[in-house]
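Participant: Just a sequence and a predicted model for now, questions to come.
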Amino acid sequence: MRKYSLICLLACFLVAACESEPPGESPPNILFIMSDDHTSQAWGIYGSVLDSVARTPSISRLRDEGAKLKHVFATNSICTPSRAAILTGQYSHRNGVYTLGDTLDPARKTVAGTFQDHGYQTALIGKWHLKSRPSGFDHYNVLPGQGRYHDPILRDSSSWTKGGQEYQGFVTDVITDLSLQWLNERPKDKPFLLMTHFKATHEPFNYPERYDTLYRDIRMPEPESLYNFYPDQTERTFEGQVLEILGGRFEQRPAVYSTDDFSLEGLAKKEARSKVYQKFVKDFLRSGAAIDENIGRLLDYLDRAGMAENTIVIYTADQGYFMGEHGLFDKRIMYEESMQMPFVIRYPGEIEAGTVNDDIILNTDFAPLLMDYAGITPPEKMQGRSFRANLAGETPDDWRQSMYYRYWMHQEHRPAHLGIRTRRYKLIYFYGQPLRDGYGESATEPAWEFYDLKKDPRELHNAYGNPQYRHQIDSLKSELWKLKDRLGDSDASYPSMQSLLNRNKK
């Protein structure tokens with residue numbers, strides 16, 4: 001086991017202080033920080049009911065010193081596929097990573113491999129979750145699978161086949177320690193692309209002991225749809241991952257969820273949901289506070305090293321997460337809380353401090369953006385597009401006005417679906433088919449949902465049956481099928497889907 005003392009870290013800072021790199025004299029360094037499920041509602045900067053309680057000074061600092069993006073979306077809101085889309089710049093049907101059970105082919109070219117080919121030093125530290133051995137990285141040290149929160153095991157190239165090495169401490173701190181160590185020891189004659197990927201805030205939402213008392217005597221504010229009970233008080237066409245499921249886990253696995261006295265026995269339905277919500281949100285925000293603290297450590301390192309001016313810093317999450325909205329937790333569904341990826345970026349000298357962008361950006365756009373900043377031409381196979389001009393306040397006239405989404409896994413309470421989102425409207429087709437082995441449960445009855453995001457931004461009223469919107473719905477259906485075809489998502493191998501799509505072309 002390996003410990004990182006304060007003395008060692010201070011030594012790193014002192015050495016780094018001698019590395020100052022004048023801005024503009026070399027290609028930019030890139031520090032890409034990503035967490036798991038750290039949704040926008042918990043960032044304190046997106047207008048959530050939790051903004052007043054979220055402890056996120058480092059995230060706020062990045063927003064104030066750079067740009068906040070309001071409409072960044074995952075094209076398939078689940079961890080493994082979203083990570084594959086970020087690395088490849090491709091949708092699931094192109095990169096072959098559809099579900100949690102799929103593996104990213106190590107022979108497939110990723111943004112890291114492309115940067116490596118163009119003289120960058122590349123590293124990945126933290127959560128990988130793509131099963132195969134990472135490729136394209138000069139250095140990697142990653143969690144096996146989900147990894148664990150306390151005393152985590154990580155695997156690098158030397159220990160990949162040996163089970164890895166255990167590190168003492170809380171996983172977010174350890175990943176940051178290892179990132180700082182790599183930054184300090186890396187070759188100094190090359191620019192770097194460092195991907196620091198935190199496990200937090202993934203369920204079971206653990207946090208370091210130093211945050212035990214945070215929020216102890218506070219009652220968390222609640223979203224307006226927290227007590228929407230299916231089916232009576234919701235217009236959803238499916239139940240979803242309701243908070244009561246999480247409450248059962250709290251009761252049944254106290255050691256995993258950091259509780260030894262949690263019980264819902266004897267509580268009325270509304271009281272039980274409230275109790276689950278309060279514990280869930282407090283734990284989630286504590287886990288997020290540890291992330292924010294460690295982002296601060298990375299930013300401080302760049303300042304001390306004199307590299308802040310010539311380093312692009314991004315912080316995002318692999319997708320969103322329900323924080324009690326609609327009475328739900330988890331992600332996957334094409335509702336705003338789930339599909340929205342919070343995103344801040346800082347690049348002094350090019351991105352004006354304090355700017356806000358509301359263009360429709362996708363996770364497939366991340367790789368082309370990073371390549372653009374590094375002066376690298378993206379491969380033609382990438383389906384995304386750089387949004388560098390957008391960040392400079394010069395959105396191209398032909399920038400997308402709609403986006404295509406598809407969630408391939410299937411359960412009866414969370415059906416497989418696809419859909420389209422424009423700047424105002426959203427149309428979702430829950431086709432409910434488990435298309436391959438491992439994709440899910442038995443088929444469900446197809447259903448549609450439609451939302452006017454201007455009049456109903458919280459998506460509380462499914463207006464698919466409202467004749468007032470018939471023209472908009474017909475138009476969206478037509479555009480949906482065109483987008484699907486244009487992106488090459490043909491469903492040619494799935495006769496059941498061909499039949500469903502043919503019946504619903506209008």
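Facilitator: Cool, got the structure.

Participant: Helix or strand: which one has the residue nearest to residue 460 when sequence neighbours are not counted?
Facilitator: Spatial nearest neighbour of residue 460, chain neighbours left out: residue 225 (5.9 Å); criterion: CB to CB, 6 or more residues apart in numbering. Any C-beta I mention is one placed from the backbone N, CA and C, and that applies to glycine too. If you go by DSSP states H and E, residue 225 is not part of any helix or strand.

Participant: How much space separates residue 225 from residue 82?
Facilitator: Look at residue 225 and residue 82: by CB to CB, to the nearest Å, they are 24 Å apart.

Participant: Looking at those two, which is more packed in?
Facilitator: residue 82 (26 against 18; other CB atoms under 10 Å).

Participant: Walking through the stretch 301-450 of the chain, point out its helices one by one.
Facilitator: Along the stretch 301-450 of the chain, counting by DSSP state H, counting those that start in this stretch, helices occupy 336-339, 366-374, 388-391.

Participant: can you give me how far the last one is from the chain middle?
Facilitator: Yep, that's helix 388-391 we're talking about. Using CA atoms, centre = their mean, to the nearest Å, the mean C-alpha position of helix 388-391 is found 21 Å from that of the whole chain.

Participant: can you list the weak-confidence ranges in the stretch 351-500 of the chain?
Facilitator: Residue ranges of the stretch 351-500 of the chain with pLDDT under 70: 437-438.

Participant: sorry, back to before: my guess is the residue nearest to residue 460 contacts residue 327. True?
Facilitator: Yes - between residue 225 and residue 327 there is a contact at 6.9 Å, judged by CB atoms under 8 Å.

Participant: which residues are in contact with both of these two?
Facilitator: Common neighbours of residue 225 and residue 327 are listed as residue 234 (criterion: CB atoms under 8 Å, 6 or more residues apart in numbering).

Participant: Check the helices of the stretch 301-450 of the chain for me and report the most buried one.
Facilitator: Of all the helices of the stretch 301-450 of the chain, helix 336-339 carries the top mean neighbour count, a mean of 24, counting by mean count of other CB atoms under 10 Å.

Participant: Output that helix as CSV - backbone C-alpha positions only.
Facilitator: Taking C-alpha atoms only, helix 336-339 is exported to CSV below (Å, rounded to 0.1, in the frame of the first residue of the first chain):
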residue,chain,number,x,y,z
GLU,A,336,-33.4,17.0,-18.9
GLU,A,337,-32.0,16.1,-15.5
SER,A,338,-30.6,12.8,-16.9
MET,A,339,-29.3,13.7,-20.3
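
Participant: other SSEs contacting that helix?
Facilitator: strand 322-323 (3 or more CB pairs under 8 Å, 6 or more residues apart in numbering; DSSP states H and E).

Participant: And the contacts of the strand it packs on?
Facilitator: 39, 41-42, 48, 50, 223, 241, 280-281, 284, 328-331, 333, 335, 337-338.

Participant: Note down every partner strand of it and its orientation.
Facilitator: strand 329-330 (antiparallel) (DSSP bridges).

Participant: pLDDT (mean, whole number) over the partner strand?
Facilitator: Strand 329-330 carries an average pLDDT of 98.

Participant: cool, stretch 248-267 as well?
Facilitator: Rounded mean pLDDT across stretch 248-267 is 93.

Participant: Please spell out which residues along it are buried.
Facilitator: Residues of stretch 248-267 classed as buried: 250, 257, 258, 262, 264 (neighbour count, 16 or more other CB atoms under 10 Å).

Participant: check contacts around the residue nearest to residue 99 when sequence neighbours are not counted.
Facilitator: In space, residue 99 comes closest to residue 409 once its chain neighbours are excluded; the distance is 4.9 Å by CB to CB, 6+ apart. Residues near residue 409 by CB under 8 Å, 6+ apart: 78, 98, 99, 100, 332, 416, 439, 440.

Participant: Can you turn the buried part of those into a PyMOL selection?
Facilitator: Buried residues among those (16+ other CB under 10 Å), as a PyMOL selection:
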select buried, resi 78+98+99+332+416+439+440
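
Participant: Could you tell me the end-to-end distance of stretch 212-232?
Facilitator: End-to-end distance for stretch 212-232: 37 Å, by CA to CA, to the nearest Å.

Participant: Correction: the previous question concerned stretch 42-53.
Facilitator: Stretch 42-53: ends 9 Å apart by CA to CA.

Participant: got it, and stretch 308-325?
Facilitator: Distance across stretch 308-325, first residue to last, is 37 Å (CA to CA).

Participant: pLDDT of it, averaged?
Facilitator: In this model, stretch 308-325 has a mean pLDDT of 98.

Participant: Tell me which residues of that stretch come out buried.
Facilitator: With burial defined by 16+ other CB under 10 Å, the residues of stretch 308-325 counted as buried are 308-325.

Participant: Point to the residue nearest the middle of this protein.
Facilitator: Of all residues in the chain, the one closest to the mean position by CA atoms, centre = their mean is residue 318, 1.6 Å from it.

Participant: any idea how far residue 332 is from the nearest residue to it once chain neighbours are set aside?
Facilitator: Sequence neighbours aside, residue 82 is the residue nearest to residue 318 in space, at 4.5 Å (criterion: CB to CB, 6+ apart). Distance of residue 82 to residue 332, given as CB to CB: 11 Å.

Participant: Between the two, which contacts overlap?
Facilitator: Counting by CB under 8 Å, 6+ apart, residue 82 and residue 332 have no shared contacts at all.

Participant: After the one helix or strand the residue nearest to residue 318 maps to, heading C-terminal, what element do we hit next?
Facilitator: According to DSSP H and E, residue 82 maps onto helix 79-88. Next in sequence after helix 79-88, counting helices and strands by DSSP H and E, comes helix 92-95.

Participant: give me the element the residue of the chain most remote from its centre is part of.
Facilitator: Centroid-distance maximum for the chain: residue 266 at 36.8 Å, with CA atoms, centre = their mean. If you go by DSSP H and E, residue 266 is not part of any helix or strand.

Participant: returning to that earlier point: out of the helices of the stretch 301-450 of the chain, flag the one nearest residue 183.
Facilitator: helix 366-374 (17.6 Å; CB to CB).

Participant: and the closest one with helix 79-88, angle?
Facilitator: Relative orientation of helix 366-374 versus helix 79-88 (axes from the mean of the first three to the mean of the last three CA atoms, to 10 degrees): 30 degrees.

Participant: what residues does helix 366-374 touch?
Facilitator: Contact with helix 366-374 is made by 27-28, 30, 32, 86-89, 110-111, 114-115, 118, 120, 191, 193, 312, 314, 316, 347, 377-378, 382, 384-388, as judged by CB under 8 Å, 6+ apart.
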